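Visitor: sequence unknown, structure follows:
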């Protein structure tokens, strides 16, 4: 079965510091996409970053970067220079190339301390 | 990208009644989905809304309880039928234009009393 596991239900980080959110997944597929979505209190799910499994290079989007370890099936998100607006629920998600469905982890609630 | 408008944003309903949630996308999309999310929890896929045909439901969800329509490439509705307090949740519409990204509406917060 394909599963996504986020082992940290909640995390806190001081403003301007760096934080890493963990995610592992289980799959027998070789081609797939991995995502991190952010859901602020407004409930709007926003794509933060995407990684194609066939790419060895880790994706980056401004202050957001991932550490993708395909063999270990690990996909962590690093947020640098944390800002108050980063406070949200973060979901790790997986989608195999041959399927349309996205599988979400249970989420990590990130608090930013001023 | 795609912008998704979902209505209503919230509602309080009496048990035994039905509520229809609308999802409008600002451009044509290939796939549309409906999710349920308990507050503070993850997203659970209810069904894939298929244009011009019956929706594809996930295990644990049935058409009689959650009828779905998708008359064209930009619009879908989800009805929550014969509601009970256990149906209180956030319902999210999602759409995909290609395989690389899913877009989401702001969700409908449903409370059944």
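Guide: That came through, no problem. Model, not experiment: these values are computed from the prediction. Residues are numbered from 1 along each chain as shown, chains lettered A, B, ... in the order given.
Visitor: in chain A, what residue comes closest to chain B?
Guide: Of all residues in chain A, the one sitting closest to chain B is residue A:45 (3.7 Å; C-beta to the nearest C-beta). All C-beta spots, glycine's among them, are computed from the backbone N, C-alpha and C.
Visitor: contacting residues around the nearest residue in space to that residue that is not next to it in sequence?
Guide: Counting by C-beta to C-beta, 6 or more residues apart in numbering or on different chains, residue A:45 lies nearest to residue B:104, which is 3.7 Å off, once chain neighbours are set aside. Contact analysis of residue B:104 by C-beta atoms under 8 Å, 6 or more residues apart in numbering or on different chains lists A:44-45, B:4, B:92-94.
Visitor: ok, 10 Å please
Guide: Neighbouring residues of residue B:104 by C-beta atoms under 10 Å, 6 or more residues apart in numbering or on different chains: A:37, A:39, A:43-47, B:2, B:4, B:6, B:23, B:33, B:35, B:43, B:92-95.
Visitor: strands along chain B, start to end?
Guide: Along chain B, counting by DSSP state E, strands occupy B:4-7, B:10-13, B:19-25, B:31-37, B:43-49, B:56-57, B:68-72, B:75-80, B:89-96, B:102-104, B:108-112.
Visitor: element containing the most centrally placed residue in chain A?
Guide: Most central in chain A under C-alpha atoms, centre = their mean is residue A:36, positioned 3.3 Å from the mean C-alpha point. Element membership for residue A:36 (DSSP states H and E) is strand A:32-39.
Visitor: pretty sure the residue of chain A closest to chain B sits against residue B:33.
Guide: No - using C-beta atoms under 10 Å, residue A:45 makes no contact with residue B:33, being 11.7 Å away.
Visitor: if the residue of chain B found nearest chain A is in a bridge, with which residues?
Guide: Closest to chain A within chain B is residue B:104: 3.7 Å, counting by C-beta to the nearest C-beta. With DSSP bridges as the criterion, residue B:104 is bridged to residue B:94.
Visitor: in chain B, which helix or strand is least confident?
Guide: strand B:102-104 (a mean of 91; mean pLDDT, DSSP states H and E).
Visitor: shared neighbours of residue A:45 and residue B:33, anything?
Guide: Contacts common to residue A:45 and residue B:33, judged by C-beta under 10 Å, 6+ apart, are B:43, B:92, B:94, B:102, B:104.
Visitor: can you lay out those residues as CSV showing distance to residue B:14?
Guide: Written out in CSV, the entries for the shared contacts of residue A:45 and residue B:33 read as follows (distance: C-beta to C-beta, whole Å):
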residue, distance to residue B:14
B:43, 26
B:92, 23
B:94, 28
B:102, 33
B:104, 28
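Visitor: out of those, who's nearest residue B:71?
Guide: For the shared contacts of residue A:45 and residue B:33, the residue nearest residue B:71 by C-beta to C-beta is residue B:94; the value is 17.8 Å.
Visitor: ok, now which ones touch the closest one?
Guide: Here residue B:94 is in contact with A:45, A:102, B:2, B:4, B:23, B:25, B:29, B:31-35, B:43, B:45, B:48-49, B:76, B:102-105 (C-beta under 10 Å, 6+ apart).
Visitor: same question for residue B:79.
Guide: B:18-21, B:65-69.
Visitor: 7 Å instead?
Guide: B:18-20, B:66-67 (C-beta atoms under 7 Å, 6 or more residues apart in numbering or on different chains).
Visitor: from those, pick the one nearest residue A:95.
Guide: residue B:66 (22.4 Å).
Visitor: how near is the residue lying closest to the closest one once chain neighbours are set aside to residue A:88?
Guide: Of all residues not flanking residue B:66 in the chain, residue B:46 sits nearest, at 5.7 Å (C-beta to C-beta, 6+ apart). From residue B:46 across to residue A:88, the span is 23 Å (C-beta to C-beta, to the nearest Å).
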